[in-house]
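>>> Just to be clear, the model below is a prediction. Sequence and coordinates:
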Amino acid sequence: MTPPRNSNAARDIVNLLHPYTDARAHAQSGPLVITRGKGVRVFDDQGNSYIETVAGLWCASLGFDNERLVEAATKQMKQLPFYHAFTGRSHEPAIDLAEMLIERAPVPMSKVFFCNSGSEANDTAIKMIWYFNNAIGRPEKKKIIGRLKGYHGITIAAGSATGLPANHKLFDLPIPGFLHTRTPHHYREGLPGETEEQFATRCAEELDAMIVQEGPETVAAFFAEPVMGAGGVLVPPATYYEKIQAVLKKHDVLFVADEVICGFGRTGEYWGCQSMGIQPDILTCAKALSASFLPISAVMINERIFQGLADGSATIGTFGHGFTYSGHPVPAAVAVETLKIYDEMNLVAHVKKVAPVLQDGLRSRFADHPLVGEVRGIGLIGAIELVADKATKKPFDAAQKIGPRLTKIAEANGLIMRALPGDGIAFSPPLIITAEEIVDMLERFGKSLDELAVQLRRESIAAV
Ligand SMILES: Cc1ncc(COP(=O)(O)O)c(C=O)c1O
């Protein structure tokens, strides 16, 4: 249907190139234009209301309105709308926020470096690692190992650490020096009869073999989301990180925890590292850091890394890295207020309280559904994986776009959902969601899934 001339939809099609969108299909289908938000809900320009089941992009932790954050931004804009942190300049919001992050870090951290997005934080971490290894006299130790299906953003280095084909194809990524190891997903990658723990051992052995084959003196760091998000909400098997970390330690390979989704309560602890028993050397975070009201991200580094960077910067006369908006006072002030709100609402306790409603609800309602191969998740992040054949785990043909089709049905039932590669459907609602709202979300989702089943049966696409 062609949207009316001069409507938002028509102007969008004429002027906007959308991230993560098939531009040709978009020219036909047009946008969903969101005009306002309240709590866990957003509203479109036709007046329809939706529960945002993925908190936008796994990020709107406090939902879609918050007066305190508006006030924090306004106050800071009036007092000091911009200042930077180059050449030793500073301001209170960045100082406060850095101190608060260091106090809350899952392991002792030394310094915080601010950026504007998750991608920039991970790119910065990679550059810091290269700089560090040069500064301490091991210039050959530079390779970065990510994981297949891992997501670390889309800038050139972070996008190279990402392990998803759509982020590499036609972009000439990954650049040399980036490797990817196995996805720790027992349902898809486990061998017949292999237990989770045996599978975890195999993952660690493969990582060990990769490092040995490359030469440990050439491998600098391993990047991991504690729980993979965009790759499918993949919770690693029991004992995985314990075994992976032993391998990394043996070869003196740094662990970078990408907490861009997991950080700030998502997994049921303050950090995904705490849920998963990870002791990172570097931690990156973004999204819920400011409840996504304004863009800001952070890289936390331990004392060892800091000492290397400090020595390097003393030799050259500067640490030649930084963004105009590194630690911008307005998003920093909003992030400070966000962290205060998390403390006051006892965010972790709230997530622990409502998470079982999501996790048990997903399993009890959908694990036996004929279209569902696996239900997975932890805390307030979860997913179901749609399959063409439950018994054999046969996936749908990607060209059938079954996941996106389900999200379209869900939209009509008042849910904004996200389909992941491999027909996973993600759940990652605002962390303020109540038990009642989770039940409402699951009801609407169940209705949508049943509608999909009826359609697929009618079209003889699935024997359900
Ligand atoms: C784990 C993880 N790392 C990095 C990023 C990239 O963040 P941004 O989109 O802010 O660059 C994302 C975004 O979803 C993410 O999920």
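Nice, I can see it. Numbers count the residues shown, from 1 in each chain.
>>> Give me the pLDDT for the one residue in the stretch 51-200 of the chain that gets nearest to the ligand.
The ligand sits closest to residue 118 of the stretch 51-200 of the chain, with a gap of 2.3 Å, by CB to the nearest ligand atom. For the C-beta atoms, the positions are set from N, CA and C on the backbone; glycine is no exception. Here, the pLDDT recorded for residue 118 equals 98.
>>> ok, it - contacts?
Taking CB atoms under 8 Å, 6 or more residues apart in numbering, we find residue 118 in contact with 152, 153, 158, 258, 260, 284, 286, 287, 297.
>>> Next: residue 294.
By CB under 8 Å, 6+ apart, residue 294 lies in contact with 73, 328, 330, 331, 334, 335.
>>> Now list the buried members of the residues you listed.
73, 328, 330, 331, 334, 335 (16 or more other CB atoms under 10 Å).
>>> List the buried residues in whatever helix or strand the last one lives in.
When you say that, I think you mean residue 335. Secondary structure from DSSP states H and E places residue 335 in helix 329-345. Using 16+ other CB under 10 Å as the test for burial, helix 329-345 gives 329-339, 341-342.
>>> hang on, the earlier thing: ok, the buried ones among the contacts of residue 294 vs the ligand, which is closest?
Closest to the ligand, out of all of the buried ones among the contacts of residue 294 and judged by CB to the nearest ligand atom, is residue 331, at 12.3 Å.
>>> what about the residue of the stretch 251-400 of the chain found nearest the ligand, how many neighbours?
Going by CB to the nearest ligand atom, the ligand is nearest to residue 260 of the stretch 251-400 of the chain, at 3.4 Å. Neighbour count of residue 260, defined by other CB atoms under 10 Å: 29.
>>> and the residue nearest to it when sequence neighbours are not counted, how far is that from residue 20?
Of all residues not flanking residue 260 in the chain, residue 118 sits nearest, at 3.8 Å (CB to CB, 6 or more residues apart in numbering). For residue 118, the distance to residue 20 equals 14 Å [CB to CB, to the nearest Å].
>>> Using PDB, write out the CA atom coordinates for the single longest helix found in the chain.
With secondary structure taken from DSSP state H, the chain has its longest helix at helix 435-458. Presented in PDB, the C-alpha positions along helix 435-458 are these (Å, rounded to 0.1, in the frame of the first residue of the first chain):
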ATOM      1  CA  ALA A 435       4.900  -9.700  36.700                       C
ATOM      2  CA  GLU A 436       1.400  -8.700  35.400                       C
ATOM      3  CA  GLU A 437       3.000  -7.100  32.300                       C
ATOM      4  CA  ILE A 438       5.100 -10.200  31.700                       C
ATOM      5  CA  VAL A 439       2.000 -12.400  31.800                       C
ATOM      6  CA  ASP A 440       0.200 -10.000  29.400                       C
ATOM      7  CA  MET A 441       3.200 -10.100  27.000                       C
ATOM      8  CA  LEU A 442       3.300 -14.000  27.100                       C
ATOM      9  CA  GLU A 443      -0.500 -14.200  26.500                       C
ATOM     10  CA  ARG A 444      -0.200 -12.000  23.400                       C
ATOM     11  CA  PHE A 445       2.800 -13.900  22.200                       C
ATOM     12  CA  GLY A 446       1.100 -17.300  22.700                       C
ATOM     13  CA  LYS A 447      -1.900 -16.000  20.700                       C
ATOM     14  CA  SER A 448       0.500 -14.900  17.900                       C
ATOM     15  CA  LEU A 449       2.400 -18.200  17.900                       C
ATOM     16  CA  ASP A 450      -0.900 -20.100  17.500                       C
ATOM     17  CA  GLU A 451      -2.000 -17.800  14.700                       C
ATOM     18  CA  LEU A 452       1.300 -18.500  13.000                       C
ATOM     19  CA  ALA A 453       0.800 -22.300  13.400                       C
ATOM     20  CA  VAL A 454      -2.600 -22.000  11.800                       C
ATOM     21  CA  GLN A 455      -1.200 -20.100   8.800                       C
ATOM     22  CA  LEU A 456       1.700 -22.600   8.400                       C
ATOM     23  CA  ARG A 457      -0.600 -25.600   8.500                       C
ATOM     24  CA  ARG A 458      -2.900 -23.900   6.000                       C
END
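>>> Which strands or helices does that helix pack on?
Here helix 435-458 touches strand 49-52, helix 347-366, helix 402-412, strand 415-416, going by 3 or more CB pairs under 8 Å, 6 or more residues apart in numbering; DSSP states H and E.
>>> Contacts for that helix, please.
39-40, 51, 53, 353-354, 357-358, 361-362, 365-366, 369-372, 402, 405-406, 409-410, 412-415, 417, 425, 427, 429, 433, 462-464.
>>> what do you get if the cut-off is 7 Å, keeping everything else the same?
The contact list for helix 435-458, computed with CB atoms under 7 Å, 6 or more residues apart in numbering, reads 40, 51, 53, 354, 357-358, 361, 365-366, 369-371, 405-406, 409-410, 413-415, 429, 462, 464.
>>> Sketch out the low-pLDDT regions of the protein for me.
Filtered on pLDDT under 70, the chain yields the residue ranges 1, 463-464.
>>> who in it is up against the ligand?
Applying CB under 6 Å from any ligand atom, one finds that the chain approaches the ligand through 57, 117-119, 122, 151-153, 225, 229-230, 258, 260-261, 286.
>>> Which residue would be the closest one in the stretch 351-464 of the chain to the ligand?
The stretch 351-464 of the chain approaches the ligand most closely through residue 428 (9.8 Å), counting by CB to the nearest ligand atom.
>>> Next, count neighbours for that residue.
Using other CB under 10 Å, residue 428 has 27 other residues around it.
>>> do residue 42 as well
21.
>>> same check, this time on the one 10 residues further on
As a burial measure, residue 52 scores 25 neighbours (other CB under 10 Å).
>>> Who are the contact partners of it?
Neighbours of residue 52 in contact, by CB under 7 Å, 6+ apart: 40, 41, 42, 60, 64, 416, 429, 430.
>>> Please apply the same query to residue 33.
Applying CB under 7 Å, 6+ apart, the residues near residue 33 are 8, 9, 44, 45.
>>> Tell me how far the residue minimising distance to the centre of the chain lies from residue 216.
With distances taken as CA atoms, centre = their mean, residue 261 lies nearest the centre of the chain, 3.5 Å away. Here the criterion is CB to CB. By it, residue 261 lies 30 Å from residue 216.
>>> circling back: which strands and helices lie in contact with the helix holding residue 335?
On a contact count with 3 or more CB pairs under 7 Å, 6 or more residues apart in numbering; DSSP states H and E, helix 329-345 meets helix 67-79, helix 92-104.
>>> what inclination does the first one have with respect to helix 329-345?
Same thing as helix 67-79. Relative orientation of helix 67-79 versus helix 329-345 (axes from the mean of the first three to the mean of the last three CA atoms, to 10 degrees): 150 degrees.
>>> picking that back up, for the contacts of residue 52, give me CSV that also has secondary structure and distance to residue 94.
Shown next, in CSV, are those (DSSP: H, G, I helix; E, B strand; the rest coil; distance: CB to CB, whole Å):
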residue, secondary structure, distance to residue 94
40, coil, 30
41, strand, 33
42, strand, 31
60, coil, 23
64, coil, 26
416, strand, 33
429, coil, 30
430, coil, 26
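>>> Thanks again, I'm all set now.
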